[in-house]
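Novice: need a structure here:
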Amino acid sequence: MMALAREKPHTRPSELLKAARREKKLYATLLANANQRFNEKVKELSILRRIGDSISSSLNERGVCESLVNILTSEMTAENCSVMLLSAERGCLFLKAAQGQTDQAPRYFPDSASQKGIAVGEGVAGWVAKSGKPMLIRDTARHSRFKHITGGMKGISSLLCMPIKGDEGVLGVLNLSHPDIGKFSAENERLLRLIVSQAALAFNNIRLFTRIKTFNEELEGKVAERTKQLGDSERKYKSLMKQGAEGIVIVSAKTGKIMECNDVAGDLAGTKPEKLVGEGIAALFPSLKPDFQRIGKSTKSRKPLTAECVIYKPRRKREPLYVGISANVIDLVEERVLYLTFHDITQRLQLEKKLKNYSRELEQEVKKRTGELRTAQEELVQAAKLAALGQLASGVAHEINNPLAVIAGYAEDLKDRITNGEEIGKNTLMGALNMIIQSGERCHSITREILDFSKPRMARIEPHFLGDIVSASVSMAGAHAKERNVPLAVGGNALRLNVETDRNHLVQILINLINNAIDASPSHSTVKVEANEHNSHVTLSVTDFGHGIPKEVKHKIFDPFFSTKVPGKGTGLGLSITYQLVGRLHGDIAVESQPGKTAFTVTLPVKYEEKGK
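Specialist: I've put the predicted structure just below:
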């Protein structure tokens, strides 16, 4: 139509008509190409979503491999599909799963020592694994890698082989093949790149989970080993205390003189035992006189007493010796005696020190491993987030279909008028073109909004005429309403009111609600759109007279990916995005539903104020 605008003022009508027909043909071609690309994108997104739903949260290698070959065999132009994973230890690719068109289900090949692998660099799959680059072969009979095979590979004419790359390099290879020539294109290669990126995330998660599991098992083994060591040390200590020879001294409770002592006690005192007999108890270890005074008091209380102290053995260069002392009062026939035992606890204290060091080292090791585990868990969470974002992107087709319907509607109308030879006024033509341009801009805006679903941007708040926003929303939904034979009725007392809001947000809110109402309405049933003022707020209500929303699912309608529509008719993102957009505008949304009637009401402030002011 821009060509028409550039025509000279005195151009003849026949020439204008020819130019218009050329322009119409161009637009029809462009529209057909756009529709074809759109349908291809929808199919791609469907495949990606199926694969994402099947493998994103799976930690089972068999399940991931079988899902990949099953979905790709059913969705893409491939007669056969296989997954090979790289064994770093053996340096080979091993077949894990395969499926052909004649197979009822995927075939899985578990690890086996006898299984023959493909060496890295060997054949097509080996070359792809080594180079990390994909290989697209349109005719194996003419390809250099198959010249030594007469007629190419039996039963395989087209081949597409893609590396599965993870954080640490190539993880494996994904193969697609077909018996006919030229069955795979650059578009298939591009789509397969997206698919293997999701597969790589899944395999990375599986390997990370395996590492965490192995680490936990190793950590449990180390803890068990250290616990056993601690138990062994404790048993050894008890055995030494029980079976080791102790120094024994018997002291008269009446005189405080040593009555008897053994060789070990004499050795501890640095003298012969017989020289100690008859001496006072303090002669045993002069440095422990205060301790022996306490021990002497125990003869009166008859309570057993223990003590640990340091002594310095004579003739041994003042070498310190840690000694444990036990005192017990024993009543003999002739008199009361104090039974003293002296035992060397130097080794025990050294063992206790070692145990403390072991405990400290173990705590540090556990702290270190716990940090590594936390990091690994954070990586799993991040991978899950990326997978969730991949699922979110698959809903673009649902939201972008509305403005595309407007574009198609106006283009079809112009086509019919030109075909029927009707004269099209400049204002009419410019109005149609403006709506097509606005809808194209709306596509861009919707794409940005859906990608921002988990990372909201600030609203662009400006004064807007509410009637213009309602009119634009109803106009954009008009083609869908016409297709379903559902009239749209607009009313209310606030259509002439100026409100401070984000125009794009509010238009998207209304379009989502109106389109949902149209889908829920029977043919020839009216959908009402009303705008009313209530003090400092406005309410925008969209009412349909369909079947209503069941009570048991009413609380779920704003949840992401929840939909009451039949499979394939909705993604469950529309109302979830609407709820989020209303929140950004500091508004509320409510729903009232009963059999035969459903009304969604959005309440917004007339004057927008930043929260916290």
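Novice: quick one: K18 from T428, how far?
Specialist: Shown here: K18 relative to T428, a distance of 20 Å by C-beta to C-beta, to the nearest Å. The C-beta positions use only the backbone N, C-alpha and C, and glycine is treated the same way.
Novice: who's more crowded, the two?
Specialist: Residue environment comparison for K18 versus T428 gives the larger neighbour count to T428, 14 against 11, counting by other C-beta atoms under 10 Å.
Novice: Checking that one next. Helix, strand or coil?
Specialist: For T428, the assignment made with DSSP: H, G, I helix; E, B strand; the rest coil gives helix.
Novice: Tell me the pLDDT of it.
Specialist: Turning to T428, the model gives it a pLDDT of 83.
Novice: Next: N33.
Specialist: If you check N33, the pLDDT there is 68.
Novice: and if you look at K300?
Specialist: Looking at K300, its pLDDT reads 57.
Novice: next one: Q293
Specialist: The per-residue pLDDT of Q293 was computed as 56.
Novice: Give me the distance between E122 and K130.
Specialist: Taking C-beta to C-beta as the measure, E122 falls 9 Å from K130.
Novice: packing partners for the longest helix belonging to the chain?
Specialist: With DSSP state H setting the assignment, residue counts place helix 186-243 as the longest helix in the chain. Secondary-structure packing of helix 186-243 (3 or more C-beta pairs under 8 Å, 6 or more residues apart in numbering; DSSP states H and E): helix 13-55, helix 61-75, strand 135-137, strand 158-166, strand 169-178, helix 346-393.
Novice: repeat that with 7 Å
Specialist: Applying 3 or more C-beta pairs under 7 Å, 6 or more residues apart in numbering; DSSP states H and E, one finds that helix 186-243 makes contact with helix 13-55, helix 61-75, strand 158-166, strand 169-178, helix 346-393.
Novice: Give me the neighbour count for A88.
Specialist: With other C-beta under 10 Å as criterion, A88 counts 11.
Novice: Now stretch 491-507: buried residues?
Specialist: G492, A494, L495, L497, V499, T501, D502, R503, N504, H505, L506, V507 (16 or more other C-beta atoms under 10 Å).
Novice: my bad, stretch 95-111
Specialist: L95, K96, A97, A98, Q99, G100, P106, Y108, F109.
Novice: mind exporting that stretch as CSV, just the C-alpha atoms?
Specialist: The C-alpha atoms that make up stretch 95-111 are tabulated as CSV, following Å, rounded to 0.1, in the frame of the first residue of the first chain:
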residue,chain,number,x,y,z
LEU,A,95,24.8,-46.9,22.5
LYS,A,96,22.3,-46.2,25.3
ALA,A,97,18.9,-46.0,23.5
ALA,A,98,17.5,-46.3,20.0
GLN,A,99,14.1,-46.4,18.3
GLY,A,100,13.0,-46.8,14.7
GLN,A,101,9.5,-46.3,13.1
THR,A,102,8.9,-50.1,13.3
ASP,A,103,9.7,-50.2,17.0
GLN,A,104,6.8,-50.2,19.5
ALA,A,105,9.0,-48.6,22.2
PRO,A,106,12.5,-47.4,22.7
ARG,A,107,15.2,-49.9,23.2
TYR,A,108,17.6,-49.3,26.1
PHE,A,109,21.1,-50.7,26.3
PRO,A,110,22.5,-50.8,29.9
ASP,A,111,26.2,-50.6,30.6
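Novice: I'd like to know the average pLDDT value across it.
Specialist: Averaging pLDDT along stretch 95-111 gives 84.
Novice: ok, back up a step: take the buried residues of stretch 491-507 and keep only those in helices.
Specialist: R503, N504, H505, L506, V507.
Novice: Give me the pLDDT for the last one.
Specialist: The one in question is V507. Turning to V507, the model gives it a pLDDT of 88.
Novice: Likewise for the first one?
Specialist: Among the per-residue scores, R503 shows a pLDDT of 88.
Novice: Just give the nearest non-adjacent residue to it, would you?
Specialist: Across the structure, with C-beta to C-beta, 6 or more residues apart in numbering as the measure, the residue nearest R503 apart from its sequence neighbours is H464 (5.2 Å).
Novice: Tell me how many other residues crowd that neighbour.
Specialist: Taking other C-beta under 10 Å as the neighbour definition, H464 ends up with a count of 17.
Novice: That one and L497 touch, don't they?
Specialist: No - applying C-beta atoms under 7 Å as the test, H464 and L497 come out as separate, 9.8 Å apart.
Novice: Bridge partners for the residue nearest to R503, pull those for me.
Specialist: Beta-bridge partners recorded for H464 (DSSP bridges): V499.
Novice: can you pull the contacts of it?
Specialist: H464 is in contact with N498, V499, T501, R503, counting by C-beta atoms under 7 Å, 6 or more residues apart in numbering.
Novice: Adding distance to A199, write these out as TSV.
Specialist: As requested, those are arranged in TSV below (distance: C-beta to C-beta, whole Å):
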residue	distance to A199
N498	53
V499	49
T501	44
R503	42
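Novice: Pick out the most distant pair among these.
Specialist: N498 and R503 (12.1 Å; C-beta to C-beta).
Novice: which stretches of the stretch 51-200 of the chain aren't confidently modelled?
Specialist: Counting by pLDDT under 70, the stretch 51-200 of the chain contains low-confidence residues at 52-58, 113, 146-154.
Novice: quick one: P106 and V69 touch, right?
Specialist: Yes - using C-beta under 7 Å, P106 makes contact with V69 at a distance of 4.9 Å.
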